[in-house]
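> dropping the sequence and predicted coords here.
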Amino acid sequence: MTARKRSTPDKSKPVAKPAKANPKPAAKPASKAIAKGPTKAAPKPVAKAVAKPEKPAPEPKPVVEKTPPRGQLMPKLHKALKAHYKPFTTDTSRPLLHQVLLACCLENAPVDAAERAFERLMEAYFDLNEVRVTTVAELAETLHDLPDPGRAALSLRRALQGVFESTYSFSLEHAKKHSLSHGLKVLEGLHGVPPFVTQHVASTALGGHLIPLDKAALSGLWLCGLITQQEYDSGKVAGLERTIGKKAGLEFSALLHQFGLDVLTNLHGVTVRKVVLAVNPAAKDRFPKRGESIPEPVPPPVTDKAGLKAADAARAAAEELRPAGPQAAARPAGKTPLPPPGSGPKKNDGKGKSGPKPFVVKPLTIKPQTAPPPPEPVSPPPAAKKAAAKPTADKHSSNLSKRKPR
């Protein structure tokens, strides 16, 4: 037997691979033509940015001015005022209530005009009660010499109303019998009285060391650079009395009052400019332009609980004691004041008890009067008829016949 030789495959020729039993099915033709080239991944949906509520911008903090060196500037102001003005004295022999009324006229007004207005007021009216019940418009006509007669008339009327409600008379002499703090408490208790009136009466009649500050005095101090803008707006200057001695307090107050009036009426005058430059040369920038006046003070809003409560009480009292005249606030048209709470009839509280029923006034009905009926004839009684039928003689004879003979 001959052995068969194994055939070695020729490596030069490619050998075909055997086909697989289950070939993959051919891909179906796509309905749309697919672009050749590298495929890009589909972009992911981007979430919409939600608009965040913007935070309110923080309110700018008020710039606190530094307190000027009053200890050095106040003596200069006193010296400059003495060189251009003459002080006036207040008559303290009047009753205390009269001094309060005079101070109401003196606020932001010259001394001679206030004196004339007060004298005319006391002569034109019979007594202070007549002044109290007079309208503000009529009082303003009497005080026509003052720069602001309406405001002075309103202060007068409120002061008299407060005194009458507290003492049922027109006297404040009891404020002098105790200490200064007691007198100040009595004056501050008068609703609607300006702080200038309280400070002026306390410094003149009660012997206290206070410097009365009205709008004129505050304007003069602000123009000289002695108070800050916050103090000018609030109308309160703390520690002002410590820079002026008690002996010179009344003189300085009188001079400052006159200087303040010149600031309001003749701002760009020679006297005002000389005083300001003598006290504080750096305050020349505070002068406004020609024809303009000093900016009005802007009172700060009340935020504390005590101040809000006092403001509500003052507003309620002002509405209750609202005077008549053009200075009074008008009531809304078509509305009437509501009754106080608790004044209506009370309902059943659920415990079987009900409150008092409301009093209802019923209409009175009057019946028409009719003519009286005619009087009926009076008939005699039956016994009288029998007596009239038989005479009295026949009855006597019948009785005698019935007797037995003797």
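Sure, I can see it.

> and the gap between Thr243 and Leu106?
23 Å (CB to CB, to the nearest Å). No exception for glycine: its C-beta is placed from N, CA and C like everyone else's.

> err, Thr135, not the other one
Taking CB to CB, one finds Thr135 at 22 Å from Leu106.

> so the two - more neighbours on which side?
Leu106 (25 against 16; other CB atoms under 10 Å).

> tell me the confidence at that one?
At Leu106, the model reports a pLDDT of 95.

> low-confidence regions, this structure specifically.
1-64, 302, 304, 306-307, 309-311, 313-367, 369, 371, 378-397, 400-406 (pLDDT under 70).

> tell me the domain ranges of it?
67-90+210-299, 93-204 (automatic domain parsing).

> tabulate those domains (CSV), appending distance to Pro372.
Output for these, formatted as CSV (distance: least, CB to CB, whole Å):
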stretch, distance to Pro372
domain 67-90+210-299, 81
domain 93-204, 56
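
> looking at the ones you listed, which is closest to Asp312?
For the domains of the chain, the distance to Asp312 is smallest for domain 93-204, at 12.9 Å, taking CB to CB.

> quick one: buried residues of stretch 180-200?
183-184, 186-187, 190-200 (16 or more other CB atoms under 10 Å).

> secondary structure element holding Leu255?
Leu255 is part of helix 249-265 when elements are defined by DSSP states H and E.

> which other residues reach that helix?
The contact list for helix 249-265 (CB atoms under 8 Å, 6 or more residues apart in numbering) reads 77-78, 81-82, 84-85, 87-90, 106, 108-111, 200, 203-204, 209-212, 214-221, 223, 241, 244, 269, 271-272, 275, 293-294.

> the same query, at a cut-off of 7 Å, please.
Helix 249-265 has contacts (CB atoms under 7 Å, 6 or more residues apart in numbering) with 78, 81-82, 85, 87-88, 110, 203, 209, 211-212, 216-217, 219-220, 223, 244, 269, 271-272, 275, 294.

> just the buried ones from these?
By 16+ other CB under 10 Å, these give 78, 81, 85, 87-88, 110, 203, 211-212, 216-217, 219-220, 223, 244, 271-272, 275, 294 as buried.

> show me what contacts Val193?
155, 158-159, 162, 187.

> want to throw those residues into JSON lines with secondary structure and distance to Arg94?
Formatted as JSON lines, the contacts of Val193 follow (DSSP: H, G, I helix; E, B strand; the rest coil; distance: CB to CB, whole Å):
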{"residue": "Ser155", "secondary structure": "helix", "distance to Arg94": "17"}
{"residue": "Arg158", "secondary structure": "helix", "distance to Arg94": "20"}
{"residue": "Ala159", "secondary structure": "helix", "distance to Arg94": "14"}
{"residue": "Gly162", "secondary structure": "helix", "distance to Arg94": "19"}
{"residue": "Leu187", "secondary structure": "helix", "distance to Arg94": "15"}
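
> for those residues, which one is nearest Pro69?
Looking across the contacts of Val193 and measuring by CB to CB, the closest to Pro69 is Leu187, at 32.2 Å.

> name the element the nearest residue to that closest one once chain neighbours are set aside belongs to?
Nearest in space to Leu187, with sequence neighbours left out and distances taken as CB to CB, 6 or more residues apart in numbering, is Thr198 at 4.5 Å. Secondary structure assignment for Thr198, by DSSP H and E: helix 195-204.

> figure out which of the domains of the chain is closest to Lys305.
Closest among the domains of the chain, using CB to CB: domain 67-90+210-299, at 18.1 Å.

> measure that closest one end to end?
Using CA to CA, to the nearest Å, one end of domain 67-90+210-299 lies 19 Å from the other.

> sorry, back to before: and the helix holding Leu255, what's buried?
In helix 249-265, the ones that count as buried by 16+ other CB under 10 Å are 249-264.

> likewise stretch 282-299?
283, 294, 297.

> which of those residues lies closest to Ala124?
Pro297 (33.6 Å).

> so how far is Leu218 from that closest one?
7 Å.

> what do you get for Ala202?
18 Å.

> how many neighbouring residues does Cys224 have?
25.

> so it sits against Ala282, correct?
No. Checked against CB atoms under 7 Å, the pair Cys224 and Ala282 is beyond contact range at 10.2 Å.

> please enumerate the helices of the stretch 151-300 of the chain.
180-188, 195-204, 215-223, 229-234, 249-265, 270-279 (DSSP state H, counting those that start in this stretch).

> what is the end-to-end distance of stretch 205-219?
Stretch 205-219: ends 26 Å apart by CA to CA.

> I'd assumed Trp222 was in contact with Ala283.
No. Judged on CB under 7 Å, Ala283 makes no contact with Trp222 at a distance of 9.2 Å.

> does Pro301 count as helix, strand or coil?
Assigned by DSSP: H, G, I helix; E, B strand; the rest coil, the conformation of Pro301 is coil.

> what number of residues lie near it?
7.

> from Leu139, how far out is the closest residue to Phe164 other than its chain neighbours?
In space, and not counting its chain neighbours, Phe164 is closest to Arg132: 6.2 Å by CB to CB, 6+ apart. From Arg132 over to Leu139 the distance is 10 Å, taken as CB to CB.

> what touches both of those two?
Arg157.

> who has more neighbours, the two?
Leu139 (24 against 17).

> is that one in contact with Leu154, as I believe?
No. Under the criterion of CB under 7 Å, Leu139 is not in contact with Leu154, lying 8.2 Å apart.

> if we can go back for a sec, from the buried residues of stretch 180-200, which is closest to Phe170?
Taking the buried residues of stretch 180-200 together and measuring to Phe170 by CB to CB, the closest member is Leu190, at 12.4 Å.

> what's the local residue count around the residue lying closest to that closest one once chain neighbours are set aside?
Leaving out its chain neighbours, the residue that sits closest to Leu190 by CB to CB, 6+ apart is Gly162, at 3.7 Å. Number of residues near Gly162 (other CB under 10 Å) recorded here: 20.

> got it, and Leu277?
14.

> which residues touch it?
With the criterion set at CB under 7 Å, 6+ apart, Leu277 makes contact with Lys284.

> ditto for Ala114
102, 105-106.

> what secondary structure does it sit in?
Reduced to three states by three-state DSSP, Ala114 is helix.

> quick check: it vs His200, distance?
11 Å.

> which neighbours do these two share?
Contacts common to Ala114 and His200, judged by CB under 7 Å, 6+ apart, are Leu106.
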